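>>> When you get a sec, could you give me coordinates for this:
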Amino acid sequence: MRALAVFAGIGLACMPLASARSQESDPAGAVTLVAAPRLIDPDYRATVLLAVPLDNNRHVGVIVNRPTGRSLASLFPEHAPSKLVRDPVYFGGPMLRQAVFAVVHIDHTPGPGSIQLMKDLFLATQGKVVDHIIEETPNQARYYVGYVAWRPGELRQEVDRGLWYVLDADPDLVFRKDPEGLWEELLSRARAVTAGAGGRVHTAAALGLR
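The predicted model follows:
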């Protein structure tokens, strides 16, 4: 599907971080990030993310609770396989929001440039790989426009500033059918965890920053 390959092919595959998690081993350090109420940036306000550490204290992730209301078929009306995708396209983050990415549930890397988020969960970043997922297993993935990336040490700084709560990664959140109320639910859980830890949560190991 040439149109989608052009649209998505300008994504992470063009960036050095794309190959950092393309191996098939189970990566350590994936986390769920819950935006604190003080985080008022419109791109991140009331968001829930799945994030994973890369090399050099960098991180990458996608927002899991921002459906756009657009279908994949509406983005690519001439592409018949896109009409088989039932879920809406999600806003994954402000980086390269003109490109389409896919988080796919699969037990092996879906193709070059893919980043392993958790066991059996990969972020597909190259246009040809995203095309193949849509054409072969359209509903084993969730599709995103854009993603989130942090520079070396940036996520740890944001957590230390109280912008994010950190919870254990949960792959089920990625494919939750109705994300409405998810942020409020996890914010309440994160506050309870923080209170139970005496007001402090140790995040270094969780963020892969030992």
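
>>> Not counting sequence-adjacent ones, nearest residue to R97?
In space, and not counting its chain neighbours, R97 is closest to G146: 3.4 Å by Cβ to Cβ, 6 or more residues apart in numbering. To be clear about C-beta, it is placed using only N, CA and C from the backbone, and glycine gets the same treatment.

>>> does that neighbour count as helix, strand or coil?
Recorded secondary structure, G146: strand (DSSP: H, G, I helix; E, B strand; the rest coil).

>>> show me the contacts for it.
F91, G92, G93, P94, M95, L96, R97, Q98, A99, F101 (Cβ atoms under 8 Å, 6 or more residues apart in numbering).

>>> ok, so of the residues you listed, who is nearest G196?
Proximity of these to G196 was ranked by Cβ to Cβ; the top entry is G93 with 30.0 Å.

>>> For the closest one, which residues are in contact?
Contacts for G93 were tallied using Cβ under 8 Å, 6+ apart; they are D43, L49, G61, V62, I63, Y144, G146, Y147, V148, A149.

>>> To what extent is the residue lying closest to P112 once chain neighbours are set aside buried, counted in neighbours?
Closest residue to P112 apart from its sequence neighbours, by Cβ to Cβ, 6+ apart: Q126 at 5.9 Å. Number of residues near Q126 (other Cβ atoms under 10 Å) recorded here: 23.

>>> Q126 contacts G111, correct?
Yes. Here Q126 reaches G111: they are 6.4 Å apart, a contact under Cβ atoms under 8 Å.
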